[in-house]
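Chemist: give me a 3D structure for the following:
(chains A and B)
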Amino acid sequence: MSQSIEIKTELENKFDWLKDQVRITRENRLWLDVPADKFFVIFDYLISLAGFKELCTITGTDEGDNYGLMYHLARTDGKVLNLKTLVPKEGGSMKSIISYFPGGTIYEREINDLLGVKFEGLPPGRRYPLPDNWPEGEHPLRKGWQPDKLSKVEGIKEAGEERLNMPIGIRSEISQPTDFSLIRRRDDVQISIGPQHPALKEPESFNVTLQGEKISGIEIKLGYNHRGIEKACEQRSYIQDVYLVERICGICSHTHSTCFVQAVEEIAGLQLPKRAAYIRTLVGELERVHSHLLWLGVAGHEVGFDTLLMYTWRDREIVMDILAMLTGNRVNYGINQVGGVRRDVTAEQAADILKAVDQLEEQTKYYIEVATEEQTLIQRLSGVGKLSKEDVLKLGTVGPTGRASGVERDVRRTDPYAAYGELDFKVITSDQCDVYGRAVVRLLELMESYSMIRQVLKKLPDGPISVRAPRRIPAGEAISRYEAPRGEDVHYVKSNGTENPERVKVRAPTLANLQSVTKMLEDRYLADLPIVIAAIDPCFSCTDRLIKVEDKGLMTWEEIRQYGIEWYKKQGVDFARMTGKIGRSKE
Amino acid sequence: MTKKKKSRIRPGKMVEFVLQSLLKKPATVNYPFTKMPMPDKFRGKLRYDAAKCIGCMLCVKDCPSGAIKIKKVGEKRFEADIDLGKCVYCAQCVDSCPKKALMATPEFELAQIDRNKLKVIFDAPPEAPGGTEQKAGGSQ
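Modeler: Below is the predicted model of the structure:
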């Protein structure tokens, strides 16, 4: 707290008009509202002199006649300063922060798409996260906007006809270089990887420009998993939202639900029982174990080491069974509720977990041995996907990807939540700066997780596992951070005194990491692309968070088939003619 | 740097593992002939006990996906309509229910080709409590 007060006094000394403007809600959390014309004076000061060098995310809110823009700035010691300014809806605009944070443009693009705030100096580029055929002027996060309005918008197909559904093989001239893209030359070969591609585990599109075998340009298109979760959260109660945010992602479901309930508990002023904090930590670490083992298998698969995939995924079943035993389900554990956890840990379960952890630790030691001794693996991964420490800081890379470049950035250490403040653990870093480093960091993190699980079970305090939470959460706001297996996850929740939140903002770690992929692939070979993308452990459904369910009623198999044929016919592909041709050529 | 180190590809180590795996039982089970037991806390298909229901509608209110409908069919008699296609199996309704009229069962094999079969109606007891289950759209 004392340090937060220091920051406050420093700010007040420097700018006397800020007297009593800085609010401190708790240790590590500062809030400050500034008028738009003085925004950059403060912004500049905070970044260059006060040490707030990380941008967690930008939250856009709809506040009557104005848009609220909140910049969540973080310091390496865990302090988060939420700098807010208002932009009038009529003719207002905000200056882009591209010169301070090149990685921050994606957050501006998101606000631009979902709220319609204009950013001066934002380079032209593809929209994110709404689809290309989304009508202009429709901004879903505006308060008056209703999802059912969408079906009334007849123009959904027509509005973007020229952008949408471009026939395969013709290069789109509309798409301009984005934040993600390198410079592209005209005579290069273009390869589209995705949205559906065997190298990708989720739908995202990478448009790669090649010179020979080398990558000279890459354009990333996101948003295929956009499901409107932030908007949906505003229309549901806090109880329902816990399960909704849990389904942002299957692998880090505990991450999102914990991050969300932490924020809600902070606003409601609930004191989390110790035992609940420990159980959350336990599930969180088990989730990290499962996620890292999964990643190791995927990474092995991407470099053609499928034996590793088979072994790690076999061993992953051990931790999945433990999670199922502990929470009820393998994924989407449903263990969190506002005010605590829903299920307790019994003594027999604790014994089972310890047994499983011993077994996993033995296996992990073997994988570490393989990773540090096996030359085929070392030579395949070393020097691939280089990302320097400076780039990590500049692009805001988080999690194991950043730690593998020597940046000691871990929310569990800097801004402890749940029971992490009472546990003894090391933050694993590596100076390799490449995919090999990322693999080693994750493997060694597994060992730390095992140690943490043992500590949690040893120290597990007695007592209740939850406190009663009110249905109506008093008005307020909070920002919550959580170290997901992939990096820092950020949730911002704003309440208005009702049963439903006013605004929920989610920044998943992959969105922060994805921007480093273009940097990593600069001048690398196409064959490295799958492993470099896999090495940030991407989770695109976290990143996108929105599905539009078009209600066409029930369709039979035949109708779906017919719908597909018609759709392709509109694009100029006639399967009937094609099959005829193939049939003739066979004859 | 790595090239200077002595190459240590050791296929022997892998062979040992492969031979071990040959003799091991498979890690998988022969589903559907062998079934894994579900964990105690597993949240599967819901069961509704009409006799216990007081019609407070808390389950309807808290359901994140709008899968439950409770209908009043008479004096203190209620009927539940659960859409298994919408249910996300979080069992929040089980927690919300003040009378423990809802329960999560270990039943998980719920896939259907016909969506109508995913609607499960729990009738109110005719007179005496008991609660019978009826599947809409014919037998399973």
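Chemist: up against chain B, what does chain A have?
Modeler: A:236-237, A:239-241, A:243-244, A:246-247, A:307, A:311, A:314, A:317, A:324-329, A:332, A:334, A:337, A:342-343, A:373-376, A:378-379, A:382, A:554 (CB under 8 Å from any CB of the partner chain). C-beta coordinates here come from the backbone N, C-alpha and C atoms, glycine included.
Chemist: just those: which are in strands?
Modeler: When DSSP state E defines the strands, the subset of the residues of chain A next to chain B inside them is A:Gln337.
Chemist: now do the contacts for the residue nearest to the spatial centre of chain B.
Modeler: Residue closest to the mean C-alpha point of chain B, counted by CA atoms, centre = their mean, is B:Gly44 at 1.9 Å. Residues in contact with B:Gly44 (CB atoms under 8 Å, 6 or more residues apart in numbering or on different chains) are B:38, B:89, B:104-108, B:110.
Chemist: tell me where chain B has helices.
Modeler: For chain B, the helices defined by DSSP state H cover B:11-23, B:58-62, B:92-96.
Chemist: chain neighbours aside, what residue packs nearest to A:Gln196?
Modeler: In space, and not counting its chain neighbours, A:Gln196 is closest to A:Pro203: 6.1 Å by CB to CB, 6 or more residues apart in numbering or on different chains.
Chemist: cool, and A:Met310?
Modeler: A:Gly297 (7.8 Å).
Chemist: doesn't A:Val303 make contact with that neighbour?
Modeler: No - counting by CB atoms under 8 Å, A:Gly297 does not reach A:Val303; the two are 11.4 Å apart.
Chemist: which residues touch the closest residue to chain B within the stretch 251-400 of chain A?
Modeler: At 3.6 Å from chain B, A:Gly328 is the closest residue in the stretch 251-400 of chain A, using CB to the nearest CB. Going by CB under 8 Å, 6+ apart, A:Gly328 touches A:334, A:343, B:39, B:41-43, B:91.
Chemist: out of the residues you listed, who has the most neighbours?
Modeler: A:Gly334 (26 neighbours; other CB atoms under 10 Å in any protein chain shown).
Chemist: mind checking pLDDT for it?
Modeler: pLDDT, A:Gly334: 91.
Chemist: shouldn't it be in contact with A:Arg247?
Modeler: No - contact criterion CB under 8 Å: A:Gly334 and A:Arg247 do not qualify, at 10.2 Å.
Chemist: neighbours around residue 36, how many?
Modeler: Using chain A here. Residue neighbour count, defined by other CB under 10 Å, stands at 16 for A:Ala36.
Chemist: wait, chain B was what I had in mind.
Modeler: Count around B:Met36 with other CB under 10 Å applied: 9.
Chemist: let me see the domain layout of chain A.
Modeler: Domain assignment of chain A by automatic domain parsing yields the ranges A:2-123, A:229-544, A:557-586.
Chemist: in TSV, list those domains along with distance to B:Ser96.
Modeler: Putting the domains of chain A into TSV (distance: least, CB to CB, whole Å) gives the following:
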stretch	distance to B:Ser96
domain A:2-123	30
domain A:229-544	8
domain A:557-586	37
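Chemist: of all those, which one is nearest B:Val18?
Modeler: For B:Val18, the closest of the domains of chain A is domain A:229-544, at 8.4 Å, according to CB to CB.
Chemist: what's the spacing between that closest one and its chain's center?
Modeler: In this view, domain A:229-544 has its centroid 11 Å away from the chain centroid, taken as CA atoms, centre = their mean, to the nearest Å.
Chemist: which residues touch A:Arg380?
Modeler: Neighbour list for A:Arg380: A:303, A:305, A:531 [criterion: CB under 8 Å, 6+ apart].
Chemist: tell me which of those residues is nearest to A:Ala418?
Modeler: The shortest approach to A:Ala418 among these belongs to A:Ile531, at 32.8 Å (CB to CB).
Chemist: leaving out sequence neighbours, find the closest residue to that closest one.
Modeler: The shortest distance from A:Ile531 to any residue other than its chain neighbours is 4.4 Å, reached at A:Glu302 (CB to CB, 6+ apart).
Chemist: got it, and A:Glu287?
Modeler: With sequence-adjacent residues excluded and distances taken as CB to CB, 6+ apart, A:Glu287 is closest to A:His254, at 4.7 Å.
Chemist: ok, the one you found touching A:Gly284?
Modeler: Yes - with contact defined as CB under 8 Å, A:His254 counts as touching A:Gly284 (5.6 Å).
Chemist: lowest-confidence helix or strand of chain B?
Modeler: Taking mean pLDDT, DSSP states H and E as the measure, the helix or strand of chain B with the lowest value is strand B:132-135, at a mean of 50.
Chemist: nearest the geometric middle of chain A, what residue?
Modeler: Nearest to the geometric centre of chain A sits A:Ala508, at 1.7 Å (CA atoms, centre = their mean).
Chemist: let me know the next secondary structure element after whichever strand or helix holds the residue nearest to A:Glu287.
Modeler: Counting by DSSP states H and E, the element that carries A:His254 is helix A:253-268. The first helix or strand that comes after helix A:253-268 along the chain, using DSSP H and E, is helix A:274-302.
Chemist: name the helices or strands packed onto that next one?
Modeler: helix A:253-268, helix A:306-327, strand A:340-341, helix A:347-373, helix A:435-459, helix A:529-535 (3 or more CB pairs under 8 Å, 6 or more residues apart in numbering or on different chains; DSSP states H and E).
Chemist: quick check: mean pLDDT of that helix?
Modeler: When pLDDT is averaged along helix A:274-302, the result is 94.
Chemist: buried residues in it?
Modeler: Buried residues in helix A:274-302, counted by 16 or more other CB atoms under 10 Å in any protein chain shown: A:274-302.
Chemist: distance of B:Thr105 relative to chain A?
Modeler: B:Thr105 sits 12 Å away from chain A, going by CB to the nearest CB, to the nearest Å.
Chemist: can you report phi and psi for that residue?
Modeler: When read as degrees, to the nearest 10, the backbone of B:Thr105 gives phi -100, psi 160.
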